[in-house]
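Asker: Need coordinates for the following:
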Amino acid sequence: MVGLEPSVRISRALPKDRGQVLLYKWELEDPKKPGSRGQRINPATMKPGPHPVLISNSRRDTLAHMTTELAAMNAPPPIEVLHGIENTDVDAVSFYRYEAHLTFENRNRLSFSAPFRFSGEEFLFETPVCRFPLTESSLVRVLGFQVRDLKCDTDGTLDLRFSNGDALIVYANDPAYEAYTLLVDEKEYCV
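Answerer: Numbers count the residues shown, from 1 in each chain. Sure, this is the predicted structure:
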């Protein structure tokens, strides 16, 4: 984060026996307010999302089951599919309490309900992560503008850059929940 220089504190619990799983708790602290708790951020990726916040007493067989569920998560769509929303005007922006939709001029649509950041590109990482339910949003600023650049991480996190200088990052790194849905050429892709 620019200007804030947060410190990341990692706490760890010791297992009582070898069958337990070590889980970590990551917190982002504001150095101006010692002891304050900020947004939970994974220090390795600097993304919000699925990282442990509690200590688990699970045995290995439970962990194997959880690992299988995590592997079954929907993979991000191919880059060719993502290009279906690139260089097309945003025709409609609608947001609800638990979901937001960007509909494009070619009738393709991005719907998301995951944590996201939205701001001008130069202030993007200074902007807090927004979570649903939404009480307000400035997403309407992209109305009539095009997605000029996009990229998708291997965990599904989607990074959109608009022609008006705004940027939207939809974090899709929580396998327990659907992060976003892309409707491209009448085919739906869930991540």
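
Asker: For the closest residue to residue 130 other than its chain neighbours, name its beta-bridge partners.
Answerer: Leaving aside its sequence neighbours, residue 130 sits nearest to residue 116 (Cβ to Cβ, 6 or more residues apart in numbering; 5.4 Å). No exception for glycine: its C-beta is placed from N, CA and C like everyone else's. Counting by DSSP bridges, residue 116 is bridged to residue 130, residue 170.

Asker: separation between residue 116 and residue 83?
Answerer: 21 Å (Cβ to Cβ, to the nearest Å).

Asker: Can you show me the helices along this protein?
Answerer: 60-71, 79-82 (DSSP state H).

Asker: Which one of these has the poorest average confidence?
Answerer: Of all those, the minimum mean pLDDT falls on helix 60-71 (a mean of 38).

Asker: ok, residue 191 - contacts?
Answerer: 74-77, 156, 158, 172, 178-182 (Cβ atoms under 8 Å, 6 or more residues apart in numbering).

Asker: Going by distance to residue 141, which of these wins?
Answerer: Taking Cβ to Cβ as the measure, residue 141 lies nearest residue 158 of the contacts of residue 191, at 17.9 Å.

Asker: Disregarding flanking residues, what is the spatial nearest neighbour of that closest one?
Answerer: Per Cβ to Cβ, 6+ apart, closest to residue 158 is residue 170, 4.5 Å.

Asker: pLDDT score assigned to the one you found?
Answerer: 96.
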